[in-house]
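Visitor: Kindly return the folded structure for what I paste below:
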Amino acid sequence: MPDGLAESAALARITHLGIGAHQDDIEFMAFHGIIQCYDSESEWFGGVTCTDGAGSARAGAYARFTGEEMRAVRRKEQNTAARIGRYGAMVQLDHPSSAVRDSLESSLVDDLAAILRATRPRVVYTHNPADKHETHVAVAVAAIRAIRVLDPGERPGSVHGCEVWRGLDWMPDDEKIVHNLTGHENLAAALNGVFESQIGGKRYDLAVAGRRRANATFLESHAVDRADSVAFAMDLTPLALDESLDMETYVDGFIHRFREDVRRKLGARLGR
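Guide: Numbers count the residues shown, from 1 in each chain. A predicted model of the protein is given here:
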């Protein structure tokens, strides 16, 4: 609890909740929620990191760190980001990545359901189920399953599946959730720069900023830019609210509509 408020009160005030697989994921993908709450007296961002960080990539000064040493470093980095971002609460669940990816393991779903009940957020940000990273996909599935455990009146009104290890520019424009992040570049740089143990070997900070700029520029082909920094998300709200929807079929629908859009435009040029 970065501001020292008692745990129950700190969790109860959360309005926007980011659920990420690894330390730094929520800063990269849920920045929209962070800035919605940053200067607000009534809105509070809460972060959840699901894995322990022990399997993180190592380079430079961290190249010889053990799993336990990396776990400690990454936990500290994440807590520092929570203070900089003025989070209402930061929860680190410490699950091994292997357990998160195990489809028969239910402990993560149980933990997330407990956090969701304690926070009752209006908006949840998590990974999108079309992400390239298997642990990210596993967390997205766990988050949806945890929401479905809740009574309908306890569920968030909006669930965003965000981009990290695969961009969402391929989605039909009218189906994208567009996060306008313009005007907060300094805060973004401060948050992303906290994770020194990672950006020393891979410049995630530059890559994320570049993707946001590219999203803003390539969003409209026949209009000047209306934003300097944009992130995209997939709307997972229907999955969260309707247990009858199959997750795989739901996500495949986006891919199908993308494929049909490509074929339609190409076919028109080929006279078909």
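
Visitor: Please give the centre-to-centre distance between the helix or strand of the chain at the bottom of the mean pLDDT ranking and its chain.
Guide: The helix or strand of the chain with the lowest confidence, counting by mean pLDDT, DSSP states H and E, is helix 196-199 at a mean of 88. From the chain centre to the centre of helix 196-199 is a distance of 18 Å (Cα atoms, centre = their mean, to the nearest Å).

Visitor: Then stretch 41-50?
Guide: 12 Å.

Visitor: Same question for stretch 53-64.
Guide: 22 Å.

Visitor: Which parts of the protein are strands?
Guide: 16-20, 45-51, 89-95, 123-127, 158-162, 176-180, 230-235 (DSSP state E).

Visitor: Go through those strands and name the closest to T249.
Guide: Among these, strand 230-235 comes nearest to T249, with 14.1 Å by Cβ to Cβ. For the C-beta atoms, the positions are set from N, CA and C on the backbone; glycine is no exception.

Visitor: could you dump that closest one to CSV, C-alpha only?
Guide: What follows is strand 230-235, C-alpha atoms only, in CSV (Å, rounded to 0.1, in the frame of the first residue of the first chain):
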residue,chain,number,x,y,z
VAL,A,230,-2.2,5.4,-28.3
ALA,A,231,-2.5,1.8,-27.0
PHE,A,232,-5.1,-0.7,-28.2
ALA,A,233,-7.1,-3.3,-26.3
MET,A,234,-9.5,-6.0,-27.1
ASP,A,235,-13.0,-5.8,-25.4
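
Visitor: circling back: summarise which helices and strands the least confident helix or strand of the chain is packed against.
Guide: Helices and strands touching helix 196-199, by 3 or more Cβ pairs under 8 Å, 6 or more residues apart in numbering; DSSP states H and E, are helix 67-84.

Visitor: What residues sit buried inside the helix it packs on?
Guide: 70-71, 73-75, 77-82, 84 (16 or more other Cβ atoms under 10 Å).
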